[in-house]
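In: How does the following fold in three dimensions:
(one chain, ligands or ions: 3)
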Amino acid sequence: MKIALLGPPGAGKGTFAQMLEDEFKVKRFVMGDLLREEVKKKTKLGKEIKNYIDNGVLVPDEIACNIMRRKIKGKKNYILDGFPRTLLQVKSFKEDLDKVIYITTKNEIAISRLAGRRQCSKCHRVYHIKTNPPKEDGKCDFCKSKLYIRTDETEEAIKQRLENYKKETEPVIEYYKKKKILVEINGNRSIKEVYEDIRKLFKW
Ligand code: ADP
Ligand code: ADP
Ligand code: ZN
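Out: Numbers count the residues shown, from 1 in each chain. Ligands and ions are numbered 1, 2, ... in the order given. Next comes the predicted model:
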C-alpha cells in the first residue's frame, strides 16, 4: 500500500508516520528529513536547499521530486510524509497513491507544537518538550543521540510555512478529495487518540 500524510506544519505527520512505520514495518520517506540530510552534506545543492528551508519557503518542485522519486523507485509499500506538497509535485510524481491521510489542526495548536518540537539528529524521531518528552532530557529514547531544534523553527519561518501551506498544499488536499482517496483526521487531540483513528485505516 502507498500512502501519504498531509497537513499543516505541526499537525503530527512526522509523529504518526513514525508510529505507522514502527507498528506495520513499512518504510516512511520524509521529504523534510531527506532535504535536511542533503543540507548536512554541505554540497552546492545542500546550500541552496538550506536557504529555502531557513526562510520557510518550499524547495523548487524539481529538486523535491527528483530526491523523492529516487528514494521510492520500485517500492510497492511506503508512507510519504510531506510529499506531494504542490499540484506540480502531484503531476510529476505519477505514482498512484492508495490513501492520503489529511491531519487537520488549528493554527494556534500547530504553532505551540512547533515551539516545543525537538528532533533526533540521527534517526529523526520527533519529541515535544511538554506533550511528548523524551525519557532523558535532550536525548533520543530510541538511539540516544542528541536532540536539536530545527533552524526553521523561527517565528518568521513558521508564519511563512503556514502561509505556503494554505496556498500550495490546500489545492493538493482538494485534488485527492476529488479522487476519493482522502481521509480526514482531526489532529487536535492527543497523540494516542489521533493514532487510534489512523491505524484503523491500515491492513498491511
Ligand atoms: P513541517 O514538519 O514543519 O511540516 P517539513 O520538515 O515537512 O516541515 O519541511 C520543512 C521544509 O522543507 C519546508 O519548509 C520546505 O522548505 C521543505 N520541504 C518539505 N517538503 C517539501 C516539499 N514536498 N516540496 C518542497 N519543499 C519541501
Ligand atoms: P509535522 O510533521 O506535521 O510538522 P510533528 O509530527 O513533527 O508534525 O509534530 C509537531 C510537534 O508536535 C512535535 O513536537 C510532536 O511531538 C508534537 N505532536 C504531534 N502530534 C501531537 C498531538 N496530537 N498532541 C500533542 N503533541 C503532538
Ligand atoms: Zn534517535
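
In: For the rest of this, base every contact and every neighbour count on C-alpha atoms.
Out: Fine.

In: what's the neighbour count on the nearest residue to Ser92 once chain neighbours are set aside?
Out: Computed as C-alpha to C-alpha, 6 or more residues apart in numbering, the closest residue to Ser92 that is not its neighbour in sequence is Cys65, at 7.3 Å. Other residues near Cys65 number 20, with proximity taken as other C-alpha atoms under 10 Å.

In: which residues of the protein fall in strands?
Out: Ranges of strands in the chain, per DSSP state E, are 2-6, 28-30, 78-81, 99-104, 117-120, 126-128, 147-148, 182-186.

In: got TSV for those, with mean pLDDT too?
Out: What follows is the strands of the chain, written out as TSV (pLDDT from 0 to 100):
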stretch	mean pLDDT
strand 2-6	97
strand 28-30	97
strand 78-81	97
strand 99-104	97
strand 117-120	97
strand 126-128	97
strand 147-148	98
strand 182-186	98
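
In: From the chain's centroid, how far away is stretch 190-204?
Out: Here the centre of stretch 190-204 is set off from its chain's centre by 16 Å, with C-alpha atoms, centre = their mean, to the nearest Å.

In: I meant to write stretch 167-185 there.
Out: With C-alpha atoms, centre = their mean, you get 16 Å for stretch 167-185.

In: ditto for stretch 150-168
Out: 13 Å.

In: Start and end of it, how far apart?
Out: End-to-end distance of stretch 150-168 (C-alpha to C-alpha, to the nearest Å): 22 Å.

In: What's the mean pLDDT across it?
Out: Averaged across stretch 150-168, the pLDDT comes to 94.

In: Going by neighbour count, list what's buried in that stretch.
Out: 152-154, 157-159, 161-162, 164-165 (16 or more other C-alpha atoms under 10 Å).

In: Now for the residues you listed: which two are most distant?
Out: The most widely separated members of these, counting by C-alpha to C-alpha, are Thr154 and Tyr165 (16.3 Å).

In: and the buried residues of stretch 150-168, which of them are in helices?
Out: Among the buried residues of stretch 150-168, the ones falling in helices (DSSP state H) are 157-159, 161-162, 164.

In: Determine which of the strands of the chain approaches Gln18 most closely.
Out: If we rank the strands of the chain by C-alpha to C-alpha, the stretch that ends up nearest is strand 28-30, at 7.2 Å.

In: buried stuff in stretch 90-107?
Out: Those would be 90, 97, 99-105, for stretch 90-107 by 16+ other C-alpha under 10 Å.
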